[in-house]
Each structure stands twice: as C-alpha cells, then as structure tokens.
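*Asks:* Okay, here's the prediction I keep looking at, along with the sequence it came from:
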Amino acid sequence: MLLRACLLLPLIACAPYGACGIRGCPDDAGISADVRARLAQVPEFGASEISVQTNHGVVYLRGLVSTPYQVSIAGSIAASARGVTRVQNLLAVENAR
C-alpha cells in the first residue's frame, strides 16, 4: 500500500500541469500579449499598472486601478481574448487621498 502511494504521488502532484508541462502552454505568452494589447487600447488604463500573466490558458491580472469599474472592464477584456479559459482578476482599487 505504501509503495502504491509513493508511486502515485508524483502523478497526482503533476496533474494540474496537464499536457503543457510545468512551464505552461506554448500559447500562454501569446494570450498575455493579446490581453496587454487589448488593455492598451482602452484610454482608461493609460496610467494603470496592470500585470498580465497566463498559465495554461488562465489569465492572472494584478495591479492597481482607479475605480471598481476598471476592475470589471479589465476582467471582461481579458476574458474576451482568444484562448483564455478563465480569468483570475486580482486587481485592486487604489485608495485616492
């Protein structure tokens, strides 16, 4: 039983990486570039620092924006890019003083 557990553990641990491997899918860099280009076309994001990373088709948005609306619209823009399977919108609204 212990031997079976030792043999299965590496397979279970690697399952989230799927067919793409630990470095992600080949299209991930293209998806990130596409999302960045789409965000750059929106004047509201001109001064915003938004980090875009993609791993296995999941886009991660991080950074600060000025309004809750910008959080929402950035997520919608990312979701509309080709190849995106899901968006993790981790953007925060900057506290204006």
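*Replies:* Alright, I've got the coordinates.

*Asks:* all contacts plus neighbour counts: C-alpha atoms, from now on.
*Replies:* OK.

*Asks:* Return the distance of Y69 relative to L90.
*Replies:* 14 Å (Cα to Cα, to the nearest Å).

*Asks:* between the two, who's got more neighbours?
*Replies:* L90 (14 against 11; other Cα atoms under 10 Å).

*Asks:* So in terms of bridging, what pairs with that one?
*Replies:* With DSSP bridges as the criterion, L90 is bridged to R62.

*Asks:* For it, list the residues it contacts.
*Replies:* Y60, L61, R62, G63 (Cα atoms under 8 Å, 6 or more residues apart in numbering).

*Asks:* now the helices: where do they sit in this protein?
*Replies:* 2-14, 28-40, 68-79 (DSSP state H).

*Asks:* May I see the buried residues of the second one?
*Replies:* Read it as helix 28-40. Within helix 28-40, the residues scored as buried using 16 or more other Cα atoms under 10 Å are D28, A29, I31, S32, A33, D34, V35, R36, L39.

*Asks:* how many degrees apart are that helix and helix 68-79 in direction?
*Replies:* 140 degrees (axes from the mean of the first three to the mean of the last three Cα atoms, to 10 degrees).

*Asks:* List the contacts of helix 28-40.
*Replies:* Counting by Cα under 8 Å, 6+ apart, helix 28-40 makes contact with 45-46, 52-57, 59, 74, 77-78, 81-84, all of which sit outside it.

*Asks:* Show me which of those is closest to N95.
*Replies:* Distance to N95, by Cα to Cα, is smallest for F45 among the contacts of helix 28-40, at 16.2 Å.

*Asks:* From T85, how far out is the closest one?
*Replies:* Applying Cα to Cα, the value for F45 to T85 is 23 Å.

*Asks:* who has more neighbours, those two?
*Replies:* Neighbour comparison, F45 and T85: the larger count goes to F45, with 16 against 13 (by other Cα under 10 Å).
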